[in-house]
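# I need the structure of the sequence given here:
(one chain, ligands or ions: 2)
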Amino acid sequence: MIQGVIFDLDGVIVDTAKYHFLAWKRLAAELGFDFTEEHNERLKGVSRMASLEILLSVGGIQHLSDAEKQQLAEKKNRWYVAYIEEITPSEILPGFLPLLDFLKNHQVKVAVGSASKNARTILTRLQLLDRFDALVDGNRITEAKPDPQVFMLAADELDVPYHACVVVEDAESGIEAARRAGMKCIGIGSPAILGKADIVVQSLDQINFNELLNLTDSIKSMSS
Ligand code: BG6
Ligand code: MG
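Ligands and ions are numbered 1, 2, ... in the order given. Okay, here's the model as predicted:
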């Protein structure tokens, strides 16, 4: 049986990806180019500064100094933080709270493993902060997904062996990070993007809880 579940935050527990997108799109508009949802897909799971680099490459903008890049990232973050200050528990994605209750009832430990430096603010707004046994966020890691550091640190804090952990992720980079950590992985979203996950479902409420409990023993199809 599994012993720990590590949830990504953005796009898994709450749809903050749409707020990241709005803020990046606004920055791109200010810089004079369009930034589409398709472009935004490349930013999922990616750290703030790495996201900025991708955005600048989309706009063909080169030769900015580190200080200028820092200013742009801070500007984007101010807009993003203004959005997330409005978040309420009603935005917790369907299926998450029942899954959390189920895992607690089965003595499975739970953590958040997120690239975001705003994770604590978001979890506080969602009134979820005290529901997790560990929180590893963008302030605590030196290597971004697909590096496995964030999930390994979370598992260490849960005191659960990596092979007994399951990661729940919506980003390709996060699936890769889970695999490199030696963990099983459930992808939330499109099989075309998340095909390397052990199981892919469209949304959290499609997860078969009992199959999840046994995921480290055997891989079965959870999709309906
Ligand atoms: C990840 C998001 O969870 O966090 C990325 O998927 C985001 O889109 C990254 O860039 C960093 O977030 P923040 O809040 O530290 O800018
Ligand atoms: Mg995510």
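# secondary structure element for the residue located most distally from the centre of the chain?
Relative to the centre of the chain, and counting by Cα atoms, centre = their mean, the farthest-placed residue is H63 at 30.2 Å. Mapping H63 onto the secondary structure by DSSP states H and E places it in no helix or strand at all.
# helices and strands around the biggest helix by length in the chain, which ones?
Under DSSP state H, the helix in the chain containing the largest number of residues is helix 66-84. Under the contact criterion of 3 or more Cβ pairs under 8 Å, 6 or more residues apart in numbering; DSSP states H and E, helix 66-84 touches helix 17-31, helix 48-58, helix 119-125. All C-beta atoms are positioned from the backbone trio N, CA, C, and that covers glycine.
# so the second one, near ligand 2 or not?
No. Residues of helix 48-58 contacting ligand 2 under Cβ under 5 Å from the ion: none, with a closest distance of 12.0 Å.
# what does the protein put close to ligand 2?
Going by Cβ under 5 Å from the ion, the residues of the chain near ligand 2 are 8, 10-11, 170-171.
# just the mean pLDDT for the longest helix of the chain, thanks.
pLDDT averaged over helix 66-84 equals 98, rounded to a whole number.
# so what touches the following helix or strand past it?
Of the helices and strands lying after helix 66-84 in sequence (DSSP H and E), the nearest is helix 96-105. Residues from elsewhere that reach helix 96-105, judged by Cβ atoms under 8 Å, 6 or more residues apart in numbering: 5, 12-13, 110, 131, 204-205, 207, 209, 212.
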